[in-house]
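> Kindly return the folded structure for what I paste below:
(2 chains)
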Amino acid sequence: MNVRLYLLQRATALVMVPLIVGHLAIIFYATRQGLTAADILGRTRGSLGWALYYVAFVLAASVHGAIGVRGIAMEWGGLWGRALDLMMWAFGIVLAGLGLRAVYAVVI
Amino acid sequence: MSEAVAETRPGKAVEKIIDVSIWRGQGDEGRYETFRVPMRESQTVLDIVTHVQRHLDPTLSYRFACRVGVCGSCAMTVNGRPRWTCRTHVSKVVENGKLEIGPLANLPVIKDLAADMTPFFEKWQEAKGTFKPTKSRDDALPEISPQTAERRLIDAAIECINCGVCFSACDTVRWNEDYMGPAALNRAWTLVNDVRDGGNAGRIFAVAQGGGCHACHTHQSCEQHCPVGLNPTASIAGLKRRTMQAYIRGDLE
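This next block holds a predicted model:
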């Protein structure tokens, strides 16, 4: 890991900390208040705030996770060089794609 | 298995006989061979190895020089942990009357207990661990107060004896062959703080690359095993801060 990846991973962790706390609080609130899927969708559909919240979360998690998996693939999987970086990009893009698709499903 | 020779030498009395398994072989090939060695008061692991070579098997290869914990030559793996053998008492590490002695891990083996230190010192070169002078012999010697922040940081890291114990103990060195390792980065940190040195631009750039300080996982095995009580992890953390500052300022590109 070079300084750029190191900094990106720390910066995305910093972004995620408050988002994770909020995400967990929302989960507890939704289950304790007995909100149905329809209730939740009623609040998220068309909401710019929720869209921005979860888009930021998905992007930060994708970057953070891809860099982390890159480290594991190199140290434990023996991947290196171009293949290692391609794997990182592919993992990050797939993660971001899946996450953004889920965000799209609840806000649009 | 070789039997211990009858003890006729003067010296401290034999307390008991212990089984000592010693790695024998060249390169990747080898096996542990067991010797029965008399254990004595205040005996070091290096004394044990020397006893085996002098009395039981003269073909045993190992490396040592000063015998007093200064030169850093005699590090080996003792009962699974890297140690400086000249300052490791047998009584402190023997387990159930047994001792297993192997070469340092994470390095190629030349023969028996002698590890090839070449990769270890190549990493020192990669981390730019050499002093780059900024003055000539005609200039006055710079005065450096022991109280300055830079000198204090150097003091905390400078006493490395280059034994390779931290390199051998490090998980990241084992997993990542590009990683420079704790000793080389610790050395780079002492030079980063040396106000007389002029090589920091290249050094900070070198340790900010793939195998540099950011590969460290902060497991602190180096700090745990360092025989002279240094904390290379702290030095590496210092390098991480310094490289991040340089990157943010745009000094690295």
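> mind checking which helix or strand A:Ile72 is in?
helix A:48-75 (DSSP states H and E).
> close to chain B, is that helix?
Yes. Interface with chain B: helix A:48-75 contributes A:74-75 (CB under 8 Å from any CB of the partner chain). No exception for glycine: its C-beta is placed from N, CA and C like everyone else's.
> Going by contacts, tell me the helices and strands next to whichever helix or strand comes after that helix.
Later in the chain than helix A:48-75, the nearest helix or strand by DSSP H and E is helix A:81-107. Identification of packing neighbours for helix A:81-107 by 3 or more CB pairs under 8 Å, 6 or more residues apart in numbering or on different chains; DSSP states H and E yields helix A:37-44, helix A:48-75.
> any chance of these in TSV, plus mean pLDDT and mean neighbour count?
As requested, the helices and strands packed on helix A:81-107 are exported to TSV (pLDDT from 0 to 100; neighbours: other CB atoms under 10 Å in any protein chain shown):
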stretch	mean pLDDT	mean neighbour count
helix A:37-44	92	12
helix A:48-75	96	18
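> Just send the ones you listed back as JSON lines, with distance to B:Asp19 too.
Output for the helices and strands packed on helix A:81-107, formatted as JSON lines (distance: least, CB to CB, whole Å):
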{"stretch": "helix A:37-44", "distance to B:Asp19": "68"}
{"stretch": "helix A:48-75", "distance to B:Asp19": "36"}
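> can you pull the contacts of B:Val195?
For B:Val195, the contact set (CB atoms under 8 Å, 6 or more residues apart in numbering or on different chains) comprises B:142, B:144, B:148, B:150.
> tell me the secondary structure for it?
The three-state label given to B:Val195 by DSSP: H, G, I helix; E, B strand; the rest coil is coil.
> again with B:Ile110
Look at B:Ile110: counting by three-state DSSP, its state is strand.
> Next, the angle from the helix ranked longest in chain A to helix A:37-44.
Across chain A, the longest stretch assigned as helix under DSSP state H is helix A:3-32. Following axes from the mean of the first three to the mean of the last three CA atoms, to 10 degrees, one obtains 130 degrees for the angle between helix A:3-32 and helix A:37-44.
> packing partners for helix A:3-32?
Under the contact definition 3+ CB pairs under 8 Å, 6+ apart, helix A:3-32 sits against helix A:48-75, helix B:232-249.
> Could you give me the buried positions within it?
A:3, A:5-9, A:12, A:15-16, A:19 (16 or more other CB atoms under 10 Å in any protein chain shown).
> what does stretch B:202-210 give?
B:203-210.
> which of the residues you listed has the weakest pLDDT?
Of all the buried residues of stretch B:202-210, B:Gly210 has the smallest pLDDT value, namely 90.
> And the strands in chain B, which stretches?
Under the criterion DSSP state E, chain B carries strands at the ranges B:14-26, B:29-40, B:75-78, B:81-84, B:98-102, B:109-111, B:114-115.
> which secondary element of chain B has the worst mean pLDDT?
Lowest by mean pLDDT, DSSP states H and E among the helices and strands of chain B is strand B:14-26, with a mean of 93.
> Neighbouring strands - and their directions - for that strand?
strand B:29-40 (antiparallel), strand B:98-102 (parallel) (DSSP bridges).
> tilt between the longest helix of chain A and helix B:232-249?
Computed by the same axes, to 10 degrees, the angle separating helix A:3-32 from helix B:232-249 equals 100 degrees.
> sorry, back to before: between the buried residues of stretch B:202-210, which is closest to B:Arg249?
Within the buried residues of stretch B:202-210, the smallest distance to B:Arg249 is 10.7 Å, found for B:Ile204 (CB to CB).
> which residues touch B:Lys135?
By CB under 8 Å, 6+ apart, B:Lys135 lies in contact with B:142, B:196.
> Now with 10 Å, please.
Contact analysis of B:Lys135 by CB atoms under 10 Å, 6 or more residues apart in numbering or on different chains lists B:141-142, B:196, B:198.
> what's the answer for A:Ala30, then?
In this structure, A:Ala30 makes contact with A:36-37, A:39-40, A:43, judged by CB under 10 Å, 6+ apart.
> Buried ones in stretch B:115-130, by neighbour count?
Neighbour-count burial for stretch B:115-130 [16+ other CB under 10 Å]: B:115, B:117, B:119-120, B:123-124, B:126-129.
> So for it, first residue to last residue, what's the gap.
Using CA to CA, to the nearest Å, one end of stretch B:115-130 lies 23 Å from the other.
> does any part of it sit near chain A?
No. Judged by CB under 10 Å from any CB of the partner chain, stretch B:115-130 and chain A are separated, with a smallest distance of 13.8 Å.
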